[in-house]
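Asks: what would the 3D arrangement of this be:
(one chain, ligands or ions: 1)
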Amino acid sequence: MVDLKGQYHGIKERVDASISEVIENTAFINGPEVHQFQKELEDYLEVKHVIPCANGTDALQIAMMGLGLKPGDEVITADFTFAATVEVIALLQLTPVLVDVDPVNFNIDIGAIKKAITPRTKAIVPVHLFGLTANMDAVMEIAEQHNLFVIEDNAQGIGADYKSKNGSTKKSGTIGHVASTSFFPSKNLGCYGDGGAIFTNDDDLAHTIRGIVNHGMYVRYHHDVVGVNSRLDSIQAAVLRAKLPNLDVYNTARRNTARKYNEAFSEIENIITPTADCDSPKGICDNCNCHVFHQYTLRIVNSDRDALVQHLNENNIPCGVYYPIPLHSQKAYRDDRYNEADFPITNQLVKEVISLPMHTELDNEQIDFITRTVINFVNK
Ligand SMILES: *Cc1c(COP(=O)(O)O)cnc(C)c1O
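Replies: The predicted structure follows:
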């Protein structure tokens with residue numbers, strides 16, 4: 001699904017040199033690279049505060065702790081996402097409220113959010129699934145009306161631009177009150193181990209969060225709040241500093257691959273290709289980068305998705321099903337409050353979706369082979 005080795009060879013000198021430097025300096029924790037990376041990412045995103053931490057799941061949890069959410073507070077999020085999002089809500093004894101998604105962009109459904117709001121609702125967590133920013137204009141409008149926090153789960157969306165109705169363009173993860181991201185190796189900006197970060201433009205929240213990631217300490221050995229230990233280590237920061245200057249190039253390569261896939265599948269009836277949801281609803285436009293294609297995900301309709309997975313496996317083509325089970329049906333997150341009739345889209349998508357190889361090193365020959373193999377199957 002990804003070619004991390006091919007990507008490494010393109011930046012080997014820089015990565016090797018910066019890792020060696022960390023080892024020579026032995027500042028493995030909180031070394032200068034961590035602070036430098038933080039600044040560079042703040043500049044890239046045009047956000048006031050980046051707080052590095054140990055992984056994307058911690059980032060979500062810490063964001064929720066920083067906002068002071070309390071047990072019993074309801075947090076609305078998408079039914080169709082990776083489990084980390086709902087996991088931390090449950091861990092903090094907040095009440096997860098899963099809602100259905102939109103069939104076109106796979107992101108949280110705005111009507112479903114509105115229906116789920118109660119007097120106990122405190123926050124909404126839109127997930128920028130597969131690299132496409134959720135409808136943040138609508139999410140922010142609802143949040144303002146109901147006085148809710150918005151926590152963007154930006155683990156799959158780093159580098160994406162979001163164009164607002166008002167004409168402004170912002171990076172995903174800088175629109176809500178706070179956002180989380182992951183530097184897991186296969187993410188669009190991945191390190192060589194675990195890593196994550198929290199973003200916010202709110203000075204007070206940033207201060208609170210900087211203490212939480214460091215055992216609740218604001219003054220050494222004075223623990224004002226219950227915190228956690230969640231750090232990005234210096235070696236990972238060094239890798240990320242080497243890769244950040246390439247993030248836009250990487251995301252453009254992903255978009256170009258998606259465009260080629262979309263063209264190849266455009267006439268195929270049983271395949272619904274992903275939308276870019278920018279100015280051009282069907283295609284992937286050249287002069288904006290709304291979608292960063294963390295995953296390239298098709299819907300296979302009126303055909304057998306599981307048999308296609310098997311067919312691709314037999315032809316040595318990696319593929320993935322993200323995600324095969326709706327979160328509301330997972331044993332850990334089932335709840336009597338949920339009604340199957342409230343999740344028609346997620347229940348359908350889990351049967352239809354398939355993600356094809358998507359990374360920065362795919363060449364035309366590979367893309368041709370993949371698309372021909374898929375088309376042969378669905379047309380047979
Ligand atoms: C990867 C991911 C996470 C978790 O990130 P980790 O660094 O693996 O903890 C959270 N949310 C989404 C949507 C993700 O894709």
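
Asks: and the one helix or strand Ala59 maps to, anywhere near the ligand?
Replies: Assigned by DSSP states H and E, Ala59 belongs to helix 56-66. Yes: judged by CB under 6 Å from any ligand atom, helix 56-66 and the ligand are in contact via Gly56, Thr57. Every C-beta, even on glycine, is put in place using the N, C-alpha and C of the backbone.

Asks: the ligand contacts on the chain?
Replies: Counting by CB under 6 Å from any ligand atom, the chain sits next to the ligand at 55-57, 81-82, 84-85, 127, 153, 155-156, 182, 184, 194, 196.

Asks: nearest to Asp3 among those residues?
Replies: The shortest gap between Asp3 and any of these belongs to Phe184, at 15.6 Å (CB to CB).

Asks: the closest one contacts Gly190, correct?
Replies: Yes: using CB atoms under 8 Å, Phe184 is in contact with Gly190, at 5.9 Å.

Asks: settle it for me: which of the two has more neighbours?
Replies: Gly190 (22 against 17; other CB atoms under 10 Å).

Asks: ok, that one touching Gly196?
Replies: No: in this structure, Gly190 is not within contact of Gly196 by CB under 8 Å, at 11.0 Å.

Asks: touching both of those two, which residues are there?
Replies: Phe183 (CB atoms under 8 Å, 6 or more residues apart in numbering).

Asks: rewinding a little: and the helix holding Ala59, what does it pack against?
Replies: strand 49-53, helix 84-91, strand 149-153, strand 178-182, strand 196-200, helix 203-212 (3 or more CB pairs under 8 Å, 6 or more residues apart in numbering; DSSP states H and E).

Asks: go with 10 Å
Replies: strand 49-53, helix 84-91, strand 121-125, strand 149-153, strand 178-182, strand 196-200, helix 203-212 (3 or more CB pairs under 10 Å, 6 or more residues apart in numbering; DSSP states H and E).

Asks: now these as TSV including mean neighbour count and mean pLDDT?
Replies: Output for the helices and strands packed on helix 56-66, formatted as TSV (neighbours: other CB atoms under 10 Å; pLDDT from 0 to 100):
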stretch	mean neighbour count	mean pLDDT
strand 49-53	25	98
helix 84-91	21	96
strand 121-125	24	98
strand 149-153	26	98
strand 178-182	30	98
strand 196-200	28	98
helix 203-212	18	98
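
Asks: the most centrally placed residue in the chain - nearest residue in space that isn't next to it in sequence?
Replies: Nearest to the mean C-alpha position of the chain, counting by CA atoms, centre = their mean, stands Gln156 at 2.2 Å. Leaving aside its chain neighbours, Gln156 sits nearest to His294 (3.8 Å; criterion: CB to CB, 6 or more residues apart in numbering).
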